[in-house]
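Participant: Return atomic coordinates for the entry below.
(one chain, ligands or ions: 2)
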Amino acid sequence: MKDLYKTSIQYLTGVGQSRAALFSKELNIHTLHDLLYYFPYKHIDRSRLYHINEIDGNMPYIQLKGRILSYETIGTGRKMRLVGHFSDGTGFIDLVWFQFGNYIQKKYKFNTDYIVFGKPTVFNGRINLAHPDIDEADDLTLSEIGLRPYYNTTERMKRANLNSNTIQKLIGNLFASLDGSVPETLPEAFIRQNHLIPLDKALHDIHFPKNPEELRQAEYRLKFEELFYIQLNLLRYSHARKKYSKGLRFPIVGQLFHDFYSQKLPFPLTEAQKRVIREMRADMNSGRQMNRLLQGDVGSGKTLVAMLTMLIAISNGYQACIMAPTEILAEQHFATISSMLRGLPVSVALLTGSIRGKKREPVLDGLLKGTVNILIATHAVLEDTVSFHALGLVVVDEQHRFGVAQRAKLWNKNEYLPHVLVMTATPIPRTLAMTLYGDLDVSVIDELPPGRKPVRTEHRYDRDKTPLFQFIRMQINEGRQAYIVYPLIKESEKIDLKNLEEGYKIIREVFPEFNISIVHGQMKPADKEREMQRFVTGETQIMVATTVIEVGVNVPNASVMIIENAERFGLSQLHQLRGRVGRGADQSYCILVTSFKLTDESRKRIEIMTRTNDGFEIAEADLKLRGPGDLEGTQQSGIAFDLHIANLARDGQLLGHVRTLAEQVLNDDPDESRPENAVFWQQLRRLKKENVNWSAIS
Ligand code: ADP
Ligand code: MG
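Facilitator: Ligands and ions are numbered 1, 2, ... in the order given. Here you go, the predicted model:
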């Protein structure tokens, strides 16, 4: 039997060297195995024949059986086309070729029954089928055609006559050469228990299903397997970690925590905050490394929770580090945390890219000697020159901005693994969390501090801004502050900056009586900081900004968030921005300003935003609207792109199901020694070799 993984498609009948090169360049298909797993993107039911007299121009696809009566060449030059007049005895239609050679008339003869298939359109009152698929009726019975698969190909491939049809034929050749034997990738008993069909049948039927039921079963088996192995891989890591890796043990809560709690805490913790702290306290005293994802909507008080956890680490003799995705956020954390801890014997230091030279040395020194207890840092902490005396806890804020590899780099600064807390305000839908962070434990702060009023969100068109300006003025006169945000999208930073600057000019003209801050990504960090600071202290009443303020900025007095060109923002971004207001006790407002023309998708986004404040609901909606490939967080792991057939947005339920099964397998066979399970581990090893992204997420 040939090794599917090793045999190049070059040796497949009908491929050869140049087509093999195209496959590899255009579709990343190199081996027979790759081709076998190149699944159709859709199937069209071709088991049904239509009669010409029932056809209208609105049908998506039709299939007819009949004969070509005559050919005619119509038009001249680039408009020249070949028309084949076709009849099935109930009427006439035209088969049309816009680019054609002599071969068509030679190939498709009169007095022969053909099955033609295509999308009907009406032209000059006649029904046309442009570039139809044509098969000789004698060659196939309709039930043999069944559902016809459609494969994506590229322009280059089409030019080399490698279209969907050709691919299907090549896959047909592949099956003919396989003599039906594709090695099974799941244990027999497991297949039976889960009512799956065998792999070779599934692979055959996904390419050549005879009917929708066959297709469904094939898809189910393949999705099932795909998701199952992802989960098995992730859970295997967490099992191994729980079994082998020794975590630092933090036996005491310590005086710092108690002192802070009784003397400094300005408000009672919410029940959710208390619960999460208890969960982490237990983790850090379990003897295993903590690996926890903390999800909490914007404003739910994650920073405070992180800080209390860091105090525990310090009392147990270790240092703690919190990593923020931007300098602004690091600086803000530094300011908040230093001021909250004032009067307690804790030394807090800041390390960012702009802290250099003379200012950097004492920080590095303090980290190495252990005199710095808490480090607040950006990516700067990843540099090789940064070393800790005893790093016991790492908090990663707003996780999705950090690549997995970067996190790993931080862990490697130690001989032992520090405890890890990953915090994110981008609520990740459950299905996605299970795939991306399947090996992390998850805590959720599902409660906002008391007294917060939900932000009121409204949609306005940008035609007449007078009422909007009036509203801003009223709010500011009542003592509040306002954000006005403009989109910043990388591809056109210059245009965006112009938008922002024009907006700033208008705002200055409209509000001569107020002070205004402006912040955008192209400013020097020091200028940015100064402008931010002016807004934080209340010296300015309006902040005009790009999305640099998206993450983490905390000004409880701000009660208005105006988002210009809101149609250009994604849902999670809109939600993040909205989270900048509603942080104090006052009623806050988020106003989404858009142009009059909106695509269906932007309209849906706006509708969702005005309907709900629930981050999880928004994240689910985002996943459905955009698909997982576009979601923040998935880009880094890349896992969504490795999926051949499963879809995280649609197959959430199946994902949950196979996760339970994977858990069972690991619990029943912790040593991976049962002979009947050997197939699992063998397949897992193979998959890890094949999929680069798999190693990145674990
Ligand atoms: P996020 O979860 O978005 O990081 P923060 O930690 O920035 O939220 O907290 C938002 C605001 O809520 C801060 O001003 C913080 O001091 C305040 N806060 C946190 N916990 C509580 C609480 N239990 N009661 C009242 N206010 C709180
Ligand atoms: Mg935060």
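
Participant: burial count for residue 472?
Facilitator: 25 (other CB atoms under 10 Å). C-beta here means a position set from N, CA and C on the backbone, and glycine is covered the same way.

Participant: Would you agree it is in contact with residue 542?
Facilitator: Yes: contact criterion CB atoms under 8 Å: residue 472 and residue 542 qualify, at 7.4 Å.

Participant: helices and strands of the chain: which one bottoms out on pLDDT?
Facilitator: In the chain, no helix or strand scores lower on mean pLDDT, DSSP states H and E than helix 634-637, which sits at a mean of 41.

Participant: how close does the residue of the stretch 151-300 of the chain found nearest ligand 1 get to residue 669?
Facilitator: Among all residues of the stretch 151-300 of the chain, residue 267 sits closest to ligand 1, at 3.9 Å; criterion: CB to the nearest ligand atom. Going from residue 267 to residue 669 by CB to CB, to the nearest Å gives 49 Å.

Participant: Compare the two (neighbour count), which wins?
Facilitator: Neighbour totals were compared for residue 267 and residue 669, and residue 669 leads with 14 against 10 (other CB under 10 Å).

Participant: Please list all residues in contact with the residue of the stretch 551-698 of the chain found nearest ligand 1.
Facilitator: Residue nearest to ligand 1 within the stretch 551-698 of the chain (CB to the nearest ligand atom): residue 554, separated by 4.7 Å. Residue 554 sits next to 332, 336, 583 when contact means CB atoms under 8 Å, 6 or more residues apart in numbering.

Participant: For the buried ones among these, write the corresponding PyMOL selection.
Facilitator: Burial among the contacts of residue 554 is assessed by 16 or more other CB atoms under 10 Å; the matching PyMOL selection reads:
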select buried, resi 332+583
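
Participant: and the lengthiest strand in the chain, how far out from the chain's middle?
Facilitator: Using DSSP state E, we find that the single longest strand of the chain is strand 62-74. Between the centre of strand 62-74 and the centre of its chain there are 47 Å (CA atoms, centre = their mean, to the nearest Å).

Participant: Direction included, what does the very next helix or strand once past that strand pair up with?
Facilitator: Using DSSP states H and E, the helix or strand that follows strand 62-74 towards the C-terminus is strand 81-87. Paired strands of strand 81-87, with direction, are strand 62-74 (antiparallel), strand 92-97 (antiparallel) (DSSP bridges).

Participant: quick one, helices of the stretch 301-450 of the chain?
Facilitator: 302-315, 327-340, 357-369, 404-411, 430-436 (DSSP state H, counting those that start in this stretch).

Participant: Report the angle between the first one and helix 327-340.
Facilitator: Angular relation of helix 302-315 and helix 327-340 on a 0 to 180 degree scale: 60 degrees, by axes from the mean of the first three to the mean of the last three CA atoms, to 10 degrees.

Participant: got a list of contacts for helix 302-315?
Facilitator: 250, 252-257, 260-261, 269, 273, 276-277, 280-281, 284, 294, 296, 319-320, 322, 333, 336-337, 340-341, 346, 373-374, 392-393, 395, 397, 419, 421, 423, 425, 445.

Participant: Ligand 1 contacts on the stretch 451-600 of the chain?
Facilitator: The stretch 451-600 of the chain has residues 554, 556, 583 near ligand 1, with proximity defined as CB under 6 Å from any ligand atom.

Participant: Identify those among these that sit within helices.
Facilitator: Members of these lying in helices (criterion: DSSP state H): none.

Participant: okay if I get those residues as TSV plus pLDDT?
Facilitator: TSV is the format used below for these (pLDDT from 0 to 100):
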residue	pLDDT
554	78
556	89
583	84
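
Participant: Strands of the stretch 251-400 of the chain, residue ranges please.
Facilitator: Along the stretch 251-400 of the chain, the segments classed as strands by DSSP state E, counting those that start in this stretch run 291-296, 319-323, 348-351, 374-377, 391-397.

Participant: ok, and does the longest one reach over to ligand 1?
Facilitator: Meaning strand 391-397. No: on the criterion CB under 6 Å from any ligand atom, strand 391-397 is out of touch with ligand 1, staying 7.4 Å away.

Participant: How far away from the center of its chain is that strand?
Facilitator: On CA atoms, centre = their mean, the centre of strand 391-397 falls 25 Å from that of its chain.

Participant: That one - what's its average pLDDT?
Facilitator: In this model, strand 391-397 carries a mean pLDDT of 92.

Participant: Spit out the contact partners of residue 151.
Facilitator: Residue 151 neighbours (CB under 8 Å, 6+ apart): 38, 40-41, 164, 167-168.

Participant: phi, psi of it?
Facilitator: phi -110, psi 140 (degrees, to the nearest 10).

Participant: do you know how far it is from residue 520?
Facilitator: 45 Å.

Participant: With residue 505 instead?
Facilitator: 14 Å.

Participant: quick one, which of these two is more surrounded?
Facilitator: Counted by other CB under 10 Å, residue 505 and residue 520 do not tie: residue 520 has more neighbours, with 22 against 11.

Participant: That one contacts residue 545, doesn't it?
Facilitator: Yes: at 6.6 Å, residue 520 counts as touching residue 545 under the criterion of CB under 8 Å.

Participant: How many residues are close by the nearest residue to residue 255 once chain neighbours are set aside?
Facilitator: Once flanking residues are discounted, residue 255 sits nearest to residue 315: 6.3 Å by CB to CB, 6 or more residues apart in numbering. Neighbour count of residue 315, defined by other CB under 10 Å: 19.

Participant: Now do the shared contacts for residue 520 and residue 545.
Facilitator: With CB under 8 Å, 6+ apart as the test, residue 520 and residue 545 both reach residue 500.

Participant: residues from this structure in reach of ligand 1?
Facilitator: So the chain meets ligand 1 at 267, 269-270, 273, 296, 298-304, 425, 449, 554, 556, 583 (CB under 6 Å from any ligand atom).

Participant: Would you mind checking the residues you listed for buried ones?
Facilitator: 269-270, 273, 296, 298-304, 425, 449, 554, 583.

Participant: so where's the stretch 1-150 of the chain shaky on pLDDT?
Facilitator: 1, 139-145 (pLDDT under 70).

Participant: What ranges does it have for its strands?
Facilitator: 42-45, 62-74, 81-87, 92-97, 114-118, 120-123, 126-130, 133-136, 147-150.

Participant: Show me what the fifth one is in contact with.
Facilitator: Translated: strand 114-118. Contacts of strand 114-118 (CB under 8 Å, 6+ apart): 46, 49, 61-68, 86, 95, 108, 129-137, 140, 142, 145, 148.

Participant: Touching, residue 59 and residue 120? I think so.
Facilitator: Yes: counting by CB under 8 Å, residue 120 is a contact partner of residue 59 at 5.6 Å.

Participant: who has more neighbours, the two?
Facilitator: Between residue 59 and residue 120, counting by other CB under 10 Å, residue 120 is the more crowded of the two (21 against 13).

Participant: how about the residue nearest to residue 189 when sequence neighbours are not counted, what does it touch?
Facilitator: The shortest distance from residue 189 to any non-neighbouring residue, by CB to CB, 6+ apart, is to residue 676 (6.1 Å). Residues counted as contacts of residue 676 (CB under 8 Å, 6+ apart) are 187-189.
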